[in-house]
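**Student:** Structure, please.
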Amino acid sequence: MDKDQHKFKVGIVAGDYNSNNYKLILQACKEPSFYENSINSVLVYGNYKAMQAHKKAMNLPEFPMQNIQSIESSSPKRLNFIEAINEEQEIQIGTATDVSNRNAYLSLQKAYADVQQNLIQAVITLPVSEPHTRKIDPGFKSFQRFFNQKINPHDSMTLLVSEDLRLGSAISKEHWIEKCGQIDPEIIAQRFIVFWETLVSDFGITRPKIAIVNEPIDGKEDPHAKKVLQAVVDKLFALHYPVFGVFEAAEYFSSQQQYNFNGCFMLLKDSVAPFEYLSPEKAFHYTIGLPFVHLEPINVLDYSENPEENMIVSSLLFAANYICAKRAEYAEISANPLVFHKLETE
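**Tutor:** Below is the predicted model:
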């Protein structure tokens, strides 16, 4: 497929401008090679003056960056800035403030308005200070919930993704406890199918092989959880999905069995076992079930004076463009499927 056939615009909601989020963006976008070969525009929703302050603090040379009023003015050869509010704001690098997080929240709303109109096709959200953000929106808990409340998708799910791992999970631990473990395996199987279909459409894997993995709950074995997972495996196997397991999490990850599969599916979203085997610079959360691509890093908000070099934004930008391209490819090849006709025999 010709690389110019699909062009995408990726929005980065920069989060708290007093944190190191802006430094992470600059680390990803400072090299001239980033713009020389780019066909996709990157738009940062945030505070342009704060970005200039971070750039000066990092002693970076000049590189193409522009503050624009509309997406139509964006260019793939520049780092494009869109400000949600056009007013002077106090910048206190290293300190979370109500002002900086109000700017972050309004930037999130601006990015959502643009993605609704398909002006951008992917949204990368960098961290905010949740206590400060809840002063503006008392119901705010996470970016995923923000989008879910706006769109209310039936099949929304968060994947944990890294170079060697694509992990889907069915329900929260709170939901499992609330239902006293009495969860219908049919529900879990449907969540698995959403995960499987996402690996096909968004990652370009023709027939994904997925391992079902069980993990102790709060450090204790739960026989009912494994029983539910085994029922899910039986149901999926009967539907001819290439599913394997049930594996125990400790053995599965310590023996690096994830390399033998295209994905891993676990019962609870709160699983901790995979995190021991991830590089924070390359691992991220991907919200599936939305009409657009939403990615966010797994690392927390950082206000330290001298942060370590971290290329997570580079990984997120690569992933956003890759998933957008795979979605477009899949939509194209599946647009006019062949009609199946059963031949009658005499």
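
**Student:** Could you use CA atoms for every contact and neighbour count after this?
**Tutor:** Will do.

**Student:** and stretch 174-187, what's its mean pLDDT?
**Tutor:** The average pLDDT for stretch 174-187 rounds to 78.

**Student:** wait, stretch 300-317
**Tutor:** pLDDT averaged over stretch 300-317 equals 80, rounded to a whole number.

**Student:** now swap in stretch 326-340 and tell me
**Tutor:** Confidence over stretch 326-340, taken as the mean pLDDT, stands at 84.

**Student:** Residues contacting that stretch, please?
**Tutor:** Residues from elsewhere that reach stretch 326-340 (C-alpha atoms under 8 Å, 6 or more residues apart in numbering): H6, S201, D202, F203, G204.

**Student:** Repeat the analysis, applying 10 Å as the threshold.
**Tutor:** Under the contact criterion C-alpha atoms under 10 Å, 6 or more residues apart in numbering, stretch 326-340 has outside partners 1, 5-7, 198, 200-205, 292-293, 320-325.

**Student:** buried set for the lowest-mean-pLDDT helix or strand in the chain?
**Tutor:** Using mean pLDDT, DSSP states H and E, helix 173-178 stands out as the lowest-scoring helix or strand of the chain, at a mean of 74. Along helix 173-178, these residues count as buried under the neighbour rule (16 or more other C-alpha atoms under 10 Å): K173, W176.

**Student:** following that helix, which helix or strand comes up?
**Tutor:** On the C-terminal side of helix 173-178, the closest following helix or strand by DSSP states H and E is helix 185-201.

**Student:** what's the next secondary structure element after that following helix?
**Tutor:** Going down the chain from helix 185-201, the next helix or strand is strand 210-214, by DSSP H and E.

**Student:** other SSEs contacting that next one?
**Tutor:** Secondary-structure packing of strand 210-214 (3 or more C-alpha pairs under 10 Å, 6 or more residues apart in numbering; DSSP states H and E): strand 165-171, helix 185-201, helix 223-238, strand 243-248, helix 249-254, strand 263-268.

**Student:** Pairing partners for it, with directions?
**Tutor:** For strand 210-214, the paired strands and their directions (DSSP bridges) read strand 243-248 (parallel), strand 263-268 (parallel).

**Student:** hmm, back to that, which strands or helices does the least confident helix or strand of the chain pack on?
**Tutor:** Taking 3+ C-alpha pairs under 10 Å, 6+ apart as the contact definition, the neighbouring helices and strands of helix 173-178 are strand 263-268.

**Student:** State the next helix or strand along the chain beyond the strand it packs on.
**Tutor:** Toward the C-terminus from strand 263-268 - assigned by DSSP H and E - lies strand 284-288.

**Student:** Tell me the helix or strand right after that following strand.
**Tutor:** Toward the C-terminal end, the helix or strand that comes next after strand 284-288 (DSSP H and E) is strand 293-297.

**Student:** how distant is that following strand from the center of its chain?
**Tutor:** Its chain's average C-alpha position is 3 Å from that of strand 293-297, according to C-alpha atoms, centre = their mean, to the nearest Å.

**Student:** same thing with stretch 237-255?
**Tutor:** 24 Å.

**Student:** circling back to that earlier point, so which of the helices and strands packed on strand 210-214 comes closest to I288?
**Tutor:** Closest to I288 of those is helix 185-201 (C-alpha to C-alpha; 7.4 Å).

**Student:** The closest one packs against which elements?
**Tutor:** Packed against helix 185-201 by the contact rule (3+ C-alpha pairs under 10 Å, 6+ apart) you find strand 157-162, strand 165-171, strand 210-214, helix 223-238, strand 263-268, strand 284-288, helix 312-333.

**Student:** That one relative to helix 223-238, how many degrees between them?
**Tutor:** 50 degrees (axes from the mean of the first three to the mean of the last three C-alpha atoms, to 10 degrees).
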